[in-house]
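Asker: Would you be able to build a 3D model of this:
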Amino acid sequence: MARYTGPATKKARSFGEAIYGYDKAFEKRKYPPGQHGMNRKRKQRSDYALQ
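Answerer: Next comes the predicted model:
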């Protein structure tokens, strides 16, 4: 198994948890990475999702 050498903060933000320990960049932006990162949050689950 290989060691992950990519952007650690981006991975931590995609999981929503600081998995690599304290990171100032993670504390600054707690939303998921990417172009639509802040829009990914849904306010309320639909009736279909609750079924």
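Asker: From now on I want contacts and neighbour counts done on CA atoms only, so please keep to that.
Answerer: Noted.
Asker: Could I get the contacting residues of the residue positioned nearest the centre of the chain?
Answerer: By Cα atoms, centre = their mean, the chain has its centre lying nearest to Ser14, at 2.6 Å. When contacts are counted by Cα atoms under 8 Å, 6 or more residues apart in numbering, Ser14 touches 31-33.
Asker: Out of these, give me the one that has the most neighbours.
Answerer: Pro32 (20 neighbours; other Cα atoms under 10 Å).
Asker: and the gap between that one and Ala2?
Answerer: 25 Å (Cα to Cα, to the nearest Å).
Asker: Next, the buried residues of the helix ranked longest in the chain.
Answerer: In the chain, taking DSSP state H as the definition, the longest helix is helix 8-15. Of all the residues in helix 8-15, those buried under the rule 16 or more other Cα atoms under 10 Å are 9, 11-13.
Asker: before we move on, what about stretch 19-32?
Answerer: The neighbour-count check on stretch 19-32 (16+ other Cα under 10 Å) flags 26, 30-32 as buried.
Asker: Which ones among the contacts of Ser14 map onto helices?
Answerer: Judged by DSSP H, helices contain none of those.
Asker: How about residues contacting the helix or strand of the chain with the lowest mean pLDDT?
Answerer: Lowest mean confidence among the helices and strands of the chain (mean pLDDT, DSSP states H and E): helix 24-28, at a mean of 79. Helix 24-28 has contacts (Cα under 8 Å, 6+ apart) with 9, 12-13, 18.
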